[in-house]
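Q: here's my sequence, what's the structure:
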Amino acid sequence: MSHPLRIGTRGSRLALWQAEYVAQQLRPLAGPRQVELVPIETAGDVRRDAPLWQLGGQGVFTKEIQRALLDRRVDVAVHSLKDLPTWPVEGLILAAVPPRGPSGDVFLSKRYASLAALPPGAVVATGSLRRRALLLHRRPDLRLVELRGNVETRLRKLSEEPLDAMVLAEAGLERLGLAQAITERLDPCWMVPAVGQGALGLECRQDDAATRYLVQRLDDPPTRAAVTAERAMLSALGGGCHVPIGGMATIDGDILTLRGCVLTADGQQRVDGSCSGSVGEAEAVGRRLAEQLLAQGAGRWLAGGS
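A: Model prediction:
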C-alpha cells in the first residue's frame, strides 16, 4: 500500500488552516491514499525576537519545509506565496497556485475608526518593512513599532500593549474567522500589497510525477498568471525583504495589469508604475514594470538596501 500523501507546513494556526484547506481539496483526488499534515518549525518561527528583515533575507519561513521536501520527508509543501523566494530551488517545482484569497492589508484599532482618524504621534504596530514604509509615506507623523508573532498573538497585543493600531494582512484574519477585528480595509492604490499576498504556493519534487499530477489539478490559471507577473517583477528588481516593494496584478478579460512600487525604508521616497499586457505574457509584464521602476530611480535604493 502506498505511503500517505504528506503535506509539509508551518505549525501556526494560520499555516495549519491553509494546509488543511489544501488537504481537503486533495483527499477526493488521492483516492485510497491518506493525506496527512506534517508540521515543520522554520527559522522564522524560532527567531521571534528580531524583525524579519534582520533574519538573513528571504526564505526564513520556507527553507526548512523545502529541505523536508527534498529529503522526501514530505511530498507537498504549502507556503504563503508571499514568503516563498522567487529564485528556483533545484529539484522543486511550484506545482499549483490555488484561487487567491483577499490580497490587501487592513487597519485594526480599539480606539480609532480609521487610519485617517489617528492623531499625530499615534503608535502603530506592523512586522512588515513594506507596510512600515507605506504608512510613513502617507503618515510620516506616526510612530511605528515592530510586531511579531502569530495572528492571535498580534491581536492580543492590540488589547494588552500601549498600541493605538496595527496593520495586518486581510487574508489571515479572514481565514481564521477573525474578520470582525478589522476596523478598515486599506486602499490598495496606496497600500500596495506584498507580491503574492493572499495566495498559496504548492511545491512538489520535480521527479514525483504522481504527486505533481494530483497537485496541479488545484492550480487556478488567473491566480497563477497574476502572481507570475508579480514575482517576475520582484525577481527582476532583485528585491527581497530588505527594501520595501509592493506589487499587485489584476485581470480583466485577457488583459493583465500590474501595479508596483518601491520605497526607501523610511518611506520618504517612493516610485510607482504600472504595466499591462495579455495574460499569456504575465512574466514579461512583470519584467517590463521592473525596468520602468528601475528607470525611475529605484535601482539606487535596491543596490544600497535602504
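Q: may I have the phi/psi pair for the residue sitting nearest the centre point of the chain?
A: Against the mean C-alpha coordinate of the chain, by C-alpha atoms, centre = their mean, the closest residue is residue 82 at 2.3 Å. Dihedral pair for residue 82: phi -70, psi -20, per degrees, to the nearest 10.
Q: and what of the one 10 residues further on?
A: Reported as degrees, to the nearest 10, the phi and psi values for residue 92 are phi -120, psi 160.
Q: where does it land on pLDDT?
A: At residue 92, the model reports a pLDDT of 98.
Q: show me the contacts for it.
A: 66, 69-70, 77, 203-206 (C-beta atoms under 8 Å, 6 or more residues apart in numbering). Yep, even glycine has a C-beta here, placed from its N, CA and C like the rest.
Q: now with 6 Å?
A: residue 203 (C-beta atoms under 6 Å, 6 or more residues apart in numbering).
Q: residue 182 now?
A: Here residue 182 is in contact with residue 106 (C-beta under 6 Å, 6+ apart).
Q: how close does it get to residue 158?
A: 12 Å (C-beta to C-beta, to the nearest Å).
Q: one more: residue 19?
A: 26 Å.
Q: the more surrounded of these two?
A: residue 19 (26 against 19; other C-beta atoms under 10 Å).
Q: return the helix or strand in this structure with minimum mean pLDDT.
A: For the chain, the helix or strand with the lowest mean confidence is helix 43-46, at a mean of 65 (criterion: mean pLDDT, DSSP states H and E).
Q: give the next helix or strand downstream of that helix.
A: Past helix 43-46, further along toward the C-terminus, the next helix or strand under DSSP states H and E is helix 63-70.
Q: name the helices or strands packed onto the helix or strand following that next one?
A: Beyond helix 63-70 on the C-terminal side, the first helix or strand identified by DSSP H and E is strand 76-80. Of the remaining helices and strands, those touching strand 76-80 by 3 or more C-beta pairs under 6 Å, 6 or more residues apart in numbering; DSSP states H and E are strand 5-9, helix 13-30, strand 200-205.
Q: neighbouring strands for strand 76-80, and are they parallel or not?
A: strand 5-9 (parallel), strand 200-205 (antiparallel) (DSSP bridges).
Q: what would those look like in TSV with distance to residue 262, mean pLDDT and mean neighbour count?
A: Formatted as TSV, the strands paired with strand 76-80 follow (distance: least, C-beta to C-beta, whole Å; pLDDT from 0 to 100; neighbours: other C-beta atoms under 10 Å):
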stretch	distance to residue 262	mean pLDDT	mean neighbour count
strand 5-9	31	97	22
strand 200-205	23	98	24
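Q: quick one, which of the ones you listed gets closest to residue 150.
A: With distances scored as C-beta to C-beta, the stretch of the strands paired with strand 76-80 nearest to residue 150 is strand 5-9 (13.4 Å).
Q: return the distance of the closest one from the chain's centre.
A: 20 Å (C-alpha atoms, centre = their mean, to the nearest Å).
Q: tilt between that strand and helix 63-70?
A: Computed by axes from the mean of the first three to the mean of the last three C-alpha atoms, to 10 degrees, the angle separating strand 5-9 from helix 63-70 equals 160 degrees.
Q: how long is stretch 272-288 from one end to the other?
A: End-to-end span of stretch 272-288 (C-alpha to C-alpha, to the nearest Å): 13 Å.
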